[in-house]
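Engineer: turn this into a model:
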Amino acid sequence: MRIGIITSGGDAPGLNAVIRAAVLTAHEKYGYEVLGIRQGFDGLLNRLDPMILTPESVEGLHLRGGTILGAANRGSPFARTQVLPSGEIEVQDASHEATARLRELGIDALIVAGGDGTLRISEKLHDMGVPIVAVPKTIDNDLSETDVTFGFDTAIQTATEALDKLQTTAESHHRVMVLEVMGRDSGWIALVSGVAGGADVILIPEIPFQLDPILAKISRVNARGRRYSLVVVAEGAFISLGEKQYLADSDPRRERLGGIGNFVGNVIAERLENEVRVTVLGHLQRGGQPTPRDRWLATRFGSMAIQLIARQEWGMMVALQGTNMVAVPIGQANKSNFIDPNGEMVHMARDLGISFGV
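Structural biologist: Below you'll find the model as predicted:
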C-alpha cells in the first residue's frame, strides 16, 4: 500500500512528530510505502514532486518544529482562485484535479493533518471516494471531539514564558503589560497562559468585553500598592457591541486579525496614569521545538492514523478522549471547541480575581 501525507493549513509544533510516527509505523509494522505531499493541497494541485519518506529520512524529526512537507493556508481543491487577464479573481472547483493527481501518484490512502478548514476539505474528498484519515492540528485547541490538539501545549508554554518575562520588566518600571496572543474564535491560549502566568485581565472571543471593568481592575491593583498589571488579549477578542479588529494591510480575500492588543493598551494609557507597553506574540507561538507532551501526543496521533488505514476506517479522525485514542467521523469532528463563558474554568479564574472585562 502507498500512503500519502498532507500537512495543511497553518503549521504547528508536533507536525514533524506526526510524520515520523506515521512513517515508522507504516514501515515497521505494515510494510507500507509513504509519500509526503509538499505544500499542502496547493502543492497537490500544482503537481509538486512528492517527498519519499523512509525511516532514515525521518530520523530525529520529532525534535523539529514546523513541517518538512511545508504547509499552505490556501489551495482548497474546492475553491482554487485564479487571477484572470482582466485582473478579476475566479474561484474554481478543482477537486477532480486533486483526486486525479492522487490516482496518478498511486496513493491508496491519504492522511491529512489540519484544522477545521482542512477537515471540511477532507470530508468532501471522502464523500468523493478518497480513502482518507484525518489528524487534528491546531495550536488554538479549538476542535471538537478531541480533548486536546498537538501544538497547543507548546503555544501555551511560549505564551506563559512571555508573561513571566514581561512581569519582571513590568514590576521594575511600574507598567501595564498587554500581551496579544493567537486565538481567532476561541481563547484557549489566552485563558490557560493567562491563568498560568498570573494575568490580572484576560480577554477572549467568547466573552465580549467592556472597557470600564478592565480599567477598574487595574485601578484596584494600583490601590493595593502593586504598580504593575498583566493583561492577556486573544487576537479575536472584541469589545461588546463592536467588531473584531483586522490589520490594515490584510488581503481583503483573507483578512488577518490584529490590533486589539494595541487598542486595549491605548485606552489604558489614555485613561489611567500607568505606562503601558504592548507585545504581540504572533508566530512565535507556532515556532520552536514541540514540548515533550506535544511530541508524545503527535506520535500517538500519527501511529493511530496508520492503524485506521490498516483497518480501512475511512473518513475518520484520530482523537484523544480522556487517556484513550479513538476514531470519530470527520464530519462530526470539524466543529469548533469554544470556552464556556459560564464553565468551571472561567469561574475559577474569576474566583482568583481575574477580570474578563465584564
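
Engineer: what residue ranges in this structure score low on pLDDT?
Structural biologist: Within the chain, the segments meeting pLDDT under 70 span 249-254.

Engineer: same thing but at 80, please
Structural biologist: Applying pLDDT under 80 to the chain flags residues 72-75, 82-84, 87, 242, 247-256, 258, 334-335.

Engineer: output the longest helix along it as PDB - backbone C-alpha positions only.
Structural biologist: Ranked by residue count, the top helix of the chain under DSSP state H comes out as helix 152-173. This file holds the C-alpha atoms of helix 152-173, laid out as PDB (Å, rounded to 0.1, in the frame of the first residue of the first chain):
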ATOM      1  CA  PHE A 152      -1.400  23.700  22.000                       C
ATOM      2  CA  ASP A 153       0.900  22.800  24.800                       C
ATOM      3  CA  THR A 154       3.900  24.300  23.100                       C
ATOM      4  CA  ALA A 155       1.900  27.500  22.300                       C
ATOM      5  CA  ILE A 156       0.800  28.000  25.900                       C
ATOM      6  CA  GLN A 157       4.300  27.300  27.200                       C
ATOM      7  CA  THR A 158       5.600  30.100  24.800                       C
ATOM      8  CA  ALA A 159       2.800  32.500  25.900                       C
ATOM      9  CA  THR A 160       3.400  31.700  29.600                       C
ATOM     10  CA  GLU A 161       7.100  32.200  29.300                       C
ATOM     11  CA  ALA A 162       6.400  35.600  27.600                       C
ATOM     12  CA  LEU A 163       4.200  36.600  30.600                       C
ATOM     13  CA  ASP A 164       6.900  35.500  33.100                       C
ATOM     14  CA  LYS A 165       9.400  37.700  31.300                       C
ATOM     15  CA  LEU A 166       7.000  40.600  31.000                       C
ATOM     16  CA  GLN A 167       6.200  40.500  34.700                       C
ATOM     17  CA  THR A 168       9.800  41.200  35.700                       C
ATOM     18  CA  THR A 169      10.100  44.200  33.500                       C
ATOM     19  CA  ALA A 170       6.600  45.400  34.400                       C
ATOM     20  CA  GLU A 171       7.500  45.200  38.000                       C
ATOM     21  CA  SER A 172      10.700  47.100  37.500                       C
ATOM     22  CA  HIS A 173       9.100  50.000  35.600                       C
END
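
Engineer: packing partners of it?
Structural biologist: Judged by 3 or more C-beta pairs under 8 Å, 6 or more residues apart in numbering; DSSP states H and E, the packing partners of helix 152-173 are strand 175-181, helix 188-196, strand 229-234, strand 275-280, helix 292-310. Any C-beta I mention is one placed from the backbone N, CA and C, and that applies to glycine too.
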